[in-house]
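Student: predicted model and sequence below, questions to follow.
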Amino acid sequence: MIGHDRLFSELQRLLKRSDADATSICAQTSRRRVMRFAYDAIHQDLVQESITVHFKVIRDKRVGVAATDTLDRTSLHRALHAALEIAGHAPPMKHLAALPGRFDLITSQDYTAETINIPAIDIVRMVKRLFQLAKGAGAQLAGSHVVGDDERAVVNSNGVRCYAASTVAGAKLVAMYRKLSGYGSVASRQLDGLDVDGLLERALKQCLVRHDPVTLPTGEYEVLLEPEAIAELIMWMGYIAFGAKSFQEHTSCFAGRLGEKIVGREVTIVDDGNDPSLLRMPFDFEGVPKQRVTLIDRGVAANIVYDTAYGALYGQPSTGHGLPPDEIDGPAPSHMLMQPGSKTRAELIRSCKRGLLIPRFHYVSGLLNPREALMTGLTREGAFLIEDGKLTRPLATMRFTQSLLEALQHVRGISKERQLVADPAQDFGCAVMPTVHLARFRFTGRSQ
Amino acid sequence: MPTPRLPRGLIDPLVGQLGRRGVDYADIRCERLSHENIVVENRTVKTISLLESAGVGVRVLIGGSWGFACTPDVTAAGLKRAASEAIAIAKASALINRKPLKLAPCDPVRATHRSTWAVDPFEVPLAKKLDYLMWANTELLGPNPIQRATSHMDFYRRRTYFASTEGSRIEQEFLESGAGLEVIAQHGDEVQVRSYPNSHHGALAQAGFEYVKQLDLVGGAKRIQTEVLHLLGAPAPKAGLTTIILDPTQVVMQLHESCGHPAELDRVLGQELSYAGGSFLTTDRLNNFRYGSDHVNIVADATLTGGLGSFAYDDEGVAAQRVDLVREGQFVGYLSSRECAAKLGLPRSSGAMRAERWDAPPLVRMTNVNLEPGSATLDELMRDVKHGYLLSTNKSWSIDDRRLNFQFTTEIAREITNGRRGRIVKNPLYTGITPEFWGRCTGTSNRDTWQLWGVPNCAKGEPMQLMHVGHGAPYARFDGVQIAPAT
């Protein structure tokens, strides 16, 4: 970790050095220790350190952006110079939003030194124990383990000066027994928040089954989408529907429908970068504090998210969803929560006469027809057939092709329990989701 | 601005020290990268950006364990710290990895290599690039239904220096140039998109600015504007089994997902099980499995000029090769690394270890995975098709974790009736099972129609690495394929 003193010192020095009308500098550092293992061996173990410093300068309504991946002063000066040079040659912008105004924050509330400083040998010992437990149960194991830390610092010539440091830890396990696999994943801000034994138990439970996988005919099925499965679909909605750019371009299924009921009234989704149950981040890459935004309110399309540029276009303040200045996809939610329901997961399963329990999806695409939120993807490990309220047989891989809007119009129930879904090896986007029971979900293909 | 030199003077002594510290093997890779990206949207400059990056990755093998660490601090102290960290990691893993790990042999070399270009795009004035993008952008705009018109250019420079304890010293430089267009039109609830010359990042090749000039963005803009407006009122395809012809832009994605990834030997050996998945091309199927029809010949060719997967040596110092993956429909080869090749008892690596940047370890990746041309013209492929579709430009892609069940949509299709191309069709979707689908390949077009495309966003690994890979393809015909409207 570099620390706010050094980061601010470097960035403020660069701010003074810029002779542009306005300058914004954002630094993002990341350190990840990622171990991957399979079949009684660790096949990858690495420490990855990175830093990216983005410069955005405005001169005579002309914008220049440059970035460098080091804190070396010569490189920083080259990058600032490049941004100024680009602004010098760029055409003036017709509509140019001002840089955000004063915001002062330093926080390390989600940083725990014990997480990032765990000795390598301790992680290896933990993996060795998991291998032994899996072997004892007659299964084989693959997976990954991650610890890391992140820092984000933003300064600008309008008085923004903010910094946040955090740690992250996570694990994924795939247990394999005969033709079956089971899966579990967990993420937390703290290493001691990872229940790897519970994870292994879950993965083993999914694969240590007497039955071979059953291949079902294609068609509509009742489904229980567990947190990781529903999170992937909702995160696709974040990309194709909840941001101001897709809204403006009318590709979003929200465009022209704000205020209309678009899904079942059981569904409320908010984005809240300050919620402690998520991997929270209190401000965006422009240095704007994150606002809590209700995206779907009891089934009604309620709001979209903005950065400063799209906020100015719509006469709205930024909601704190700006991306780095060289990104062109527009603002996007990255901390979504679905409101919990009143039943337990077990009650949802018991209430299902015949349906499919799906822990996660594989390779979902939301690009088929974004206006209808039409998506496709596949089941993977741990999917089971539910018959008369009980999990009876594991499922062979099935493909769905389904409009998410249509599916969420027929909600049978939402669980009380929710789970954080995140990939700690990557650094963007997380969600807290319940299990969602849907009356109809269209399966269009099989792998066997 | 001149690019600083690579610090060979720091790296060579360090790799020598690693050899003396008792590692079984080590390599050090230093890289300097530049990426210029210019995007114009609706006649407004959306971004002009330059990213510069430099750093060093150190990979060591001790006993049966790898350790990798990296640093952007390209000083003697920074490199030493990274090396110590890599050693500590590898030693810790020895608690589990008790068996020594063998690497397939690789002759040490001292070499330099530079990809081919005529005009360095980083030397071309920004105003000239912007003028060209604005011109193309203006051609895309106009009629009311057009919601967004985007024109963009990307230029990459990658300079690497590789040194190994086996004595290799390899310096390589690659320059990539590309450009593209995308237009979105909307009328009521109907939204359509068209891209040129290809979707998802346009066209990108190992070449200079001359490649961008050859793309004829202005001519392409007029064509896709007409097509996207047609698509708003076009019919969707009829669902059912039919003949489809994929144009090279879509064969690229079909190759990538259903041949390139399953042929990666690290996937086959289980090293991606917790993330990307496994592969149906299991080791018992090598030289013993019908992947497709006799028309299907697929190679991984890193020696091809201009491909995004071209190089002289991969990121563990293995010389570039042209390797058969599928020959006359039979599965005959893998993409591999020295470690994976040794595990399978292969005589050598196929030279497919590649890293996205200095801060990532190399993984088994695609090079240029190409479908070889046949002998037919496109008209000959269509001649006896009573009813079918010609599908162009990928829109969405999805495939299962063993790379069997796939589903693609394309931006546009043309109906084929009695051997002739007819009306435009919107929202085409086709799906299948990989070996069954390639088994239905009834012809590929000739060398004159063969096209080489770049895919700059091939995702794999934890942490995820985005690799630049290439695919060459002709038109390809498939009979009895399930097609449906994506609605």
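Tutor: Cool, the structure landed.
Student: neighbours of A:Ser214, just the number please.
Tutor: No, residue A:214 isn't Ser; it's Val. Using other C-beta atoms under 10 Å in any protein chain shown, the number of residues around A:Val214 comes to 12. Yep, even glycine has a C-beta here, placed from its N, CA and C like the rest.
Student: wait, what's in contact with B:Tyr240?
Tutor: I think there's a mix-up here, since residue B:240 is Gly and not Tyr. By C-beta atoms under 8 Å, 6 or more residues apart in numbering or on different chains, the residues touching B:Gly240 are B:Gln482, B:Ile483.
Student: got the phi and psi for residue 237?
Tutor: Here I'm looking at chain A. phi -60, psi -40 (degrees, to the nearest 10).
Student: let me rephrase: I mean chain B.
Tutor: When read as degrees, to the nearest 10, the backbone of B:Pro237 gives phi -70, psi 160.
Student: average pLDDT for stretch B:58-78, rounded please.
Tutor: Stretch B:58-78 shows a mean pLDDT of 94 in the predicted model.
Student: distance between the ends of it?
Tutor: Using C-alpha to C-alpha, to the nearest Å, the end-to-end distance of stretch B:58-78 comes to 11 Å.
Student: in it, which residues are buried?
Tutor: By 16 or more other C-beta atoms under 10 Å in any protein chain shown, the buried positions in stretch B:58-78 come out as B:58-62, B:64-74, B:78.
Student: filter those by proximity to chain A?
Tutor: Residues of the buried residues of stretch B:58-78 in contact with chain A (C-beta under 8 Å from any C-beta of the partner chain): B:Gly64, B:Ser65, B:Trp66, B:Gly67, B:Phe68, B:Ala69, B:Cys70, B:Thr71, B:Pro72, B:Asp73, B:Val74.
Student: re the thing from before, among the buried residues of stretch B:58-78, name the ones in helices.
Tutor: Under the assignment DSSP state H, those contribute B:Gly78 to helices.
Student: just give me the neighbour total for A:Ser403.
Tutor: Residues lying near A:Ser403 (other C-beta under 10 Å) number 18.
Student: what pLDDT is listed against it?
Tutor: We have a pLDDT of 97 for A:Ser403.
Student: ok, B:Arg5 next?
Tutor: Reported pLDDT for B:Arg5: 72.
Student: residue 366: which element?
Tutor: Just so you know, I chose chain A. strand A:361-369 (DSSP states H and E).
Student: other residues contacting that strand?
Tutor: A:228-229, A:232-233, A:236-237, A:239-240, A:373-380, A:400-401, A:403-404, B:277, B:395-401, B:409, B:427, B:429, B:486-487.
Student: what subset of these is buried?
Tutor: The buried subset of the contacts of strand A:361-369 - by 16+ other C-beta under 10 Å - is A:228-229, A:232-233, A:236-237, A:239-240, A:373-380, A:400-401, A:403-404, B:277, B:395-401, B:409, B:427, B:429, B:486.
Student: between the ones next to chain A among the buried residues of stretch B:58-78, which sits nearest A:Tyr306?
Tutor: Distance to A:Tyr306 across these (C-beta to C-beta) is lowest for B:Pro72, with 33.2 Å.
Student: got the domain ranges for chain A?
Tutor: A:4-207, A:219-446 (automatic domain parsing).
Student: pLDDT on the first one, on average?
Tutor: Per-residue pLDDT values across domain A:4-207 average out to 95.
Student: distance from the chain centre to that domain, please.
Tutor: Between the mean C-alpha location of domain A:4-207 and the chain-wide mean there is a distance of 13 Å, by C-alpha atoms, centre = their mean, to the nearest Å.
Student: can you give me the end-to-end span of that domain?
Tutor: Using C-alpha to C-alpha, one end of domain A:4-207 lies 47 Å from the other.
Student: ok, the last one next?
Tutor: According to C-alpha to C-alpha, domain A:219-446 extends 11 Å from its N-terminal end residue to its C-terminal end residue.
Student: show me how far it is from its chain's centre.
Tutor: Put simply, domain A:219-446 sits 11 Å off its chain's centre (C-alpha atoms, centre = their mean).
Student: contact residues of the stretch 101-250 of chain B facing chain A?
Tutor: Counting by C-beta under 8 Å from any C-beta, the residues of the stretch 101-250 of chain B near chain A are B:Pro125, B:Leu126, B:Ala127, B:Leu130, B:Gln147, B:Arg148, B:Ile184, B:Gln186, B:Asp189, B:Glu190, B:Val191.
Student: Produce a PyMOL select command limited to the buried residues of those residues.
Tutor: Selecting only the buried entries of those in PyMOL, with 16+ other C-beta under 10 Å as the criterion:
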select buried, chain B and resi 126+130+147+148+184+186+190+191
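Student: hang on, the earlier thing: mark which of the contacts of strand A:361-369 are part of strands, please.
Tutor: A:374-379, A:400-401, A:403, B:395-399, B:409, B:429 (DSSP state E).
Student: closest to B:Leu286 among those residues?
Tutor: If you rank those by distance to B:Leu286 using C-beta to C-beta, B:Ile399 comes first, at 21.0 Å.
Student: now the strands for the stretch 1-150 of chain A?
Tutor: For the stretch 1-150 of chain A, applying DSSP state E, counting those that start in this stretch gives strands covering A:22-38, A:41-59, A:62-68, A:103-110, A:140-156.
Student: near chain B, which residues of the stretch 201-350 of chain A show up?
Tutor: Contacts of the stretch 201-350 of chain A with chain B, taken as C-beta under 8 Å from any C-beta, map to A:Gln248, A:Glu249, A:His250, A:Thr251, A:Pro325, A:Asp326, A:Glu327, A:Ile328.
Student: narrow those residues to those that are buried.
Tutor: Among those, those classed as buried by 16+ other C-beta under 10 Å are A:Gln248, A:Glu249, A:His250, A:Thr251, A:Pro325, A:Asp326, A:Glu327.
Student: among the residues you listed, which ones are in strands?
Tutor: Short answer: these have none in strands (DSSP E).
Student: sort out for me which of those are in helices.
Tutor: Short answer: these in helices (DSSP H) are A:Gln248.
Student: helix or strand for B:Leu241, just tell me which one.
Tutor: Using DSSP H and E, B:Leu241 sits in strand B:240-246.
Student: can I get that strand in CSV? Just the C-alpha atoms.
Tutor: Provided in CSV are the C-alpha atoms of strand B:240-246 (Å, rounded to 0.1, in the frame of the first residue of the first chain):
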residue,chain,number,x,y,z
GLY,B,240,-36.0,-24.3,-37.7
LEU,B,241,-33.2,-26.4,-39.2
THR,B,242,-31.6,-24.8,-42.2
THR,B,243,-28.4,-24.1,-44.2
ILE,B,244,-26.3,-21.2,-42.9
ILE,B,245,-23.3,-19.6,-44.4
LEU,B,246,-21.1,-17.7,-42.0
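Student: just checking: what are the partner strands of it?
Tutor: Here strand B:240-246 is paired, per DSSP bridges, with strand B:387-399 (parallel), strand B:476-485 (antiparallel).
Student: Serialize those to a markdown table and add fields for distance to A:Met176 and mean pLDDT.
Tutor: Output for those, formatted as a markdown table (distance: least, C-beta to C-beta, whole Å; pLDDT from 0 to 100):
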| stretch | distance to A:Met176 | mean pLDDT |
| --- | --- | --- |
| strand B:387-399 | 21 | 98 |
| strand B:476-485 | 31 | 98 |
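Student: just the terminal-to-terminal distance for stretch B:208-217.
Tutor: End-to-end for stretch B:208-217, by C-alpha to C-alpha: 16 Å.
Student: quick one: average confidence on it?
Tutor: In this model, stretch B:208-217 carries a mean pLDDT of 97.
Student: which stretches of the stretch 301-448 of chain A form strands?
Tutor: Using DSSP E, counting those that start in this stretch, strands in the stretch 301-448 of chain A cover A:335-338, A:354-358, A:361-369, A:374-379, A:384-387, A:390-394, A:398-403, A:411-422, A:430-446.
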